[in-house]
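> I would like the atomic coordinates for the input below:
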Amino acid sequence: MSALTIGSLNLHCGLSAAGRPFDVPSALASLDADLIAVQEAWWTDGEAGAPGGADVERTADIAVAADKLGAELIRIPLAAGASLAELAIAPRPDRGSWGIGVLSRLPVISHERISLGQAPGDPVSRAALACTIQAPGGWPLRLVCTHLTHRFTSPAQLYKLTTHLDSSPAAAPQRPVPTVIAGDLNMPRLVTWIAAGYAPTVRGRTFPADRPLVQLDHLLVTPDLSVTGAAVLGPLGSDHLPVRARVDLA
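Numbers count the residues shown, from 1 in each chain. The predicted structure is shown next:
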């Protein structure tokens with residue numbers, strides 16, 4: 001009874017590639033996961049009272065999703081006060097925060113924001129959200145959600161991330177914490193070798209959702225984890241396909 005399920009999805013701010021809103025709470029619930037890493041999450045400071053784009057706000061709200069799932073939500077903005085048009089999501093004036101988050105049905109022990117820097121030509125600075133979770137059976141698991149740059153320097157950001165993780169107290173030799181890196185890494189599966197000590201689990205194309213050509217979304221794990229059921233799932237409304245896997249102590 002110590003295994004848990006992890007899912008990951010780039011939400012594209014609750015919009016399809018064509019700009020049609022989809023129901024984010026329902027989409028995330030359908031993943032049926034204990035932990036969900038989300039990228040391109042969207043929220044507004046005023047939530048329901050913010051002007052414009054009420055349809056996007058209502059369907060994209062991951063806080064509503066967390067409430068429906070009975071999950072704790074931790075989210076961090078990568079861009080604040082930007083419009084959907086400025087973020088090149090959709091030609092809409094809606095303004096809010098664009099970032100990453102983790103929804104957890106399990107106890108969250110701690111969390112940390114890890115800065116990964118701003119790539120040349122990228123309008124935002126990238127980061128990762130590392131959450132240490134108490135897994136069933138009491139063992140700790142570190143879930144690291146990130147959305148790396150769409151520029152060609154995403155491997156450099158992944159290297160920086162794994163270097164930080166390997167030097168953190170959680171990586172101490174006497175008590176290393178099993179770790180999963182989840183998210184839109186903006187690189188194909190073969191390039192994830194740059195994350196030394198982490199193995200890719202999911203194999204399959206994830207983008208674009210309506211006609212997948214390349215795998216950009218990944219779940220990478222440390223050797224102290226065993227993985228079953230790793231798969232790319234069907235479309236849920238976003239321009240990316242979700243990924244999911246079940247993990248346990250090896």
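> buried ones in stretch 141-153?
141-150, 153 (16 or more other Cβ atoms under 10 Å). Bear in mind the C-beta positions are built from the backbone N, C-alpha and C, glycine included.
> in this protein, which spans are helices?
24-29, 54-60, 62-69, 154-167 (DSSP state H).
> Comparing these, which yields the minimum mean pLDDT?
Lowest mean pLDDT of the helices of the chain: helix 54-60, a mean of 55.
> Give the other helices and strands that the longest strand along the chain contacts.
Ranked by residue count and defined by DSSP state E, the top strand of the chain is strand 72-83. Counting contacts by 3 or more Cβ pairs under 8 Å, 6 or more residues apart in numbering; DSSP states H and E, strand 72-83 is packed against helix 62-69, strand 95-104, strand 108-117, strand 126-134.
> Strand partners (parallel or antiparallel) of the third one?
Yep, that's strand 108-117 we're talking about. According to DSSP bridges, strand 108-117 forms sheet pairs with strand 126-134 (antiparallel).
> how much space between the spatially closest residue to D210 that is not a sequence neighbour and V180?
Distance criterion Cβ to Cβ, 6 or more residues apart in numbering; nearest residue to D210, sequence neighbours excluded, is A17 at 6.6 Å. In this view, A17 and V180 are 27 Å apart by Cβ to Cβ, to the nearest Å.
> Which one of those two is surrounded by more residues?
V180 (26 against 16; other Cβ atoms under 10 Å).
> and that one, what are its bridge partners?
The partner residues for V180, given DSSP bridges, come to L143, V221.
> check contacts around it.
By Cβ atoms under 8 Å, 6 or more residues apart in numbering, the residues touching V180 are 6, 141-144, 219-222, 225, 247.
> What distance do you get for it to I36?
12 Å.
> Which residues are in contact with each of those two?
I6.
> partners of the longest strand of the chain in the sheet?
strand 95-104 (antiparallel).
> now the strand it pairs with against helix 62-69, angle please.
30 degrees (axes from the mean of the first three to the mean of the last three Cα atoms, to 10 degrees).
> Tell me the bridge partners for A41.
A41 has these beta-bridge partners by DSSP bridges: G99.
> these two touch, right, it and G96?
No. With contact defined as Cβ atoms under 8 Å, A41 does not count as touching G96 (9.9 Å).
> Looking at these two, which is more packed in?
A41 (31 against 27).
> who are the neighbours in contact with that one?
Counting by Cβ under 8 Å, 6+ apart, A41 has contacts 11, 13, 60, 62, 75, 98-101.
> Show the buried residues in the residues you listed.
Here, 16+ other Cβ under 10 Å leaves 11, 13, 60, 62, 75, 98-101 buried among those.
> now these as TSV including distance to S115?
Listed next are the buried ones among the contacts of A41 as TSV, based on distance: Cβ to Cβ, whole Å:
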residue	distance to S115
L11	22
C13	22
A60	25
I62	22
R75	16
W98	16
G99	13
I100	13
G101	17
